[in-house]
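>>> Structure for this input, please:
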Amino acid sequence: MIYTVTFNPALDYVVWMDALRPGQINRTQSEEIQYGGKGINVSTVLSALGVENIALGFLAGFTGRALEEGLRSQGIRTDFIWLPDGLTRINVKVKGGDETEINGQGPTIGPVALRSLQDKLDRLEAGDILVISGSVPAALSHDVYEQILARLEDRGIQFVVDSTRDLLCSALPYHPFLIKPNNLELGEIFGKTPVTDTEIRHCAAQLQAKGARNVLVSMAGDGSLLVDERGNCHRLGVPKGTVRNSVGAGDSMVAGFLAGWLETGDYAYAQRLGAAAGSATAFADGLATKEQIMALIHTF
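Coordinates of the predicted model:
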């Protein structure tokens with residue numbers, strides 16, 4: 001079973017318009033509600049690909065109820081922890097000219113709620129996969145990833161970590177099965193953004209030396225590079241298409257990679273399915289469907 005953890009889920013209010021004009025009344029051309037948060041995005045795309053999973057995290061208030069009901073209506077299994085105060089955040093995503101995002105803060109996660117999450121994770125069994133992704137609210141300790149992984153170490157659980165700098169680096173000693181930094185995040189870690197494939201591969205090798213098993217580096221329009229635990233380097237470009245959306249593309253790549261690896265055990269195929277999923281989401285108005293993903297899988 002795959003479990004995804006999202007510390008700060010969100011209702012994403014997505015609007016499309018010609019352009020955002022500061023200081024004026026702006027009217028939308030179209031709008032919709034999407035159910036967001038990095039782990040939730042992974043769960044959504046995994047479910048679209050027919051991979052069973054359970055979304056974990058923290059919800060609060062009427063916005064939390066709307067998010068949970070929306071996910072369940074899509075057939076996504078959830079096991080959220082309800083917080084006594086606050087509201088699950090609403091994020092505003094404006095698609096007009098350049099993308100503009102206004103992200104809410106979200107509710108406070110206290111020590112009791114965090115222990116509830118740890119209790120749920122204690123039920124994971126050998127062979128399960130735990131995906132932890134995204135940032136953590138300010139009220140939580142910055143070593144919360146490390147706390148979770150240390151508690152589950154030596155249980156035969158596969159860890160997938162998709163986050164930035166300190167959160168990502170703190171997970172490396174626990175030998176995550178997969179990490180997915182982008183090239184800009186590699187720059188934050190190493191002090192200089194790698195540009196060439198050789199530089200990116202060198203950074204990935206250093207992350208492997210610190211404990212990561214497979215390092216999948218996404219590079220937006222330049223494709224992706226995977227250095228797998230067998231020492232092989234796989235390089236893919238991107239298919240042709242019009243980019244409509246950047247939100248959730250990286251999460252879709254993680255979901256596609258896991259689905260591909262579970263299906264075949266082949267890292268090259270896993271990367272291709274991951275790249276297809278990420279690209280399909282980038283070419284769509286929301287998270288990609290299975291049909292959109294599979295239409296791209298043979299285009300690399």
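>>> What segments of the stretch 101-250 of the chain are helices?
Ranges of helices in the stretch 101-250 of the chain, per DSSP state H, counting those that start in this stretch, are 111-121, 144-152, 165-171, 183-190, 197-209, 249-264.
>>> Neighbouring strands of the least confident helix or strand in the chain by mean pLDDT in the sheet, and parallel or not?
Using mean pLDDT, DSSP states H and E, the weakest-scoring helix or strand in the chain turns out to be strand 98-102, at a mean of 83. Its sheet considered, strand 98-102 pairs with strand 89-96 (antiparallel) by DSSP bridges.
>>> Can you give the distance of the strand it pairs with from its chain's centre?
Computed by CA atoms, centre = their mean, to the nearest Å, the chain-centroid distance of strand 89-96 equals 18 Å.
>>> Which parts of that strand count as buried, going by neighbours?
89-91, 93-96 (16 or more other CB atoms under 10 Å). Bear in mind the C-beta positions are built from the backbone N, C-alpha and C, glycine included.
>>> burial of residue 13, as a residue count?
As a burial measure, residue 13 scores 17 neighbours (other CB atoms under 10 Å).
>>> The helix or strand where it lies: partners in the sheet, and parallel or antiparallel?
Using DSSP states H and E, the element containing residue 13 is strand 10-16. If you go by DSSP bridges, strand 10-16 pairs up with strand 30-36 (antiparallel), strand 89-96 (parallel).
>>> Buried residues, it. List them.
Those would be 10-15, for strand 10-16 by 16+ other CB under 10 Å.
>>> ok, and what's touching that strand?
28-37, 63, 66-67, 88-96, 103-104, 106, 247, 285-286 (CB atoms under 8 Å, 6 or more residues apart in numbering).
>>> Just the buried residues of the residues you listed.
In the contacts of strand 10-16, burial by neighbour count holds for 34-37, 63, 66-67, 88-91, 93-96, 106, 247, 286, counting by 16+ other CB under 10 Å.
>>> buried residues in stretch 270-285?
For stretch 270-285, by 16+ other CB under 10 Å, it's 270-284.
>>> Can you pull up the most central residue in this protein?
Nearest to the mean C-alpha position of the chain, counting by CA atoms, centre = their mean, stands residue 251 at 3.2 Å.
>>> Could you find the closest non-adjacent residue to that residue?
The shortest distance from residue 251 to any non-neighbouring residue, by CB to CB, 6 or more residues apart in numbering, is to residue 41 (3.5 Å).
>>> Against residue 48, how distant is the one you found?
Distance from residue 41 to residue 48, counting by CB to CB, to the nearest Å: 11 Å.
>>> Compare these two and say which is more crowded by neighbours.
Comparing residue 41 with residue 48 by other CB under 10 Å, the one with more neighbours is residue 41, at 29 against 24.
>>> What ranges does the stretch 201-300 of the chain have for its strands?
With DSSP state E, counting those that start in this stretch, the ranges of strands along the stretch 201-300 of the chain come out as 214-218, 224-227, 233-236.
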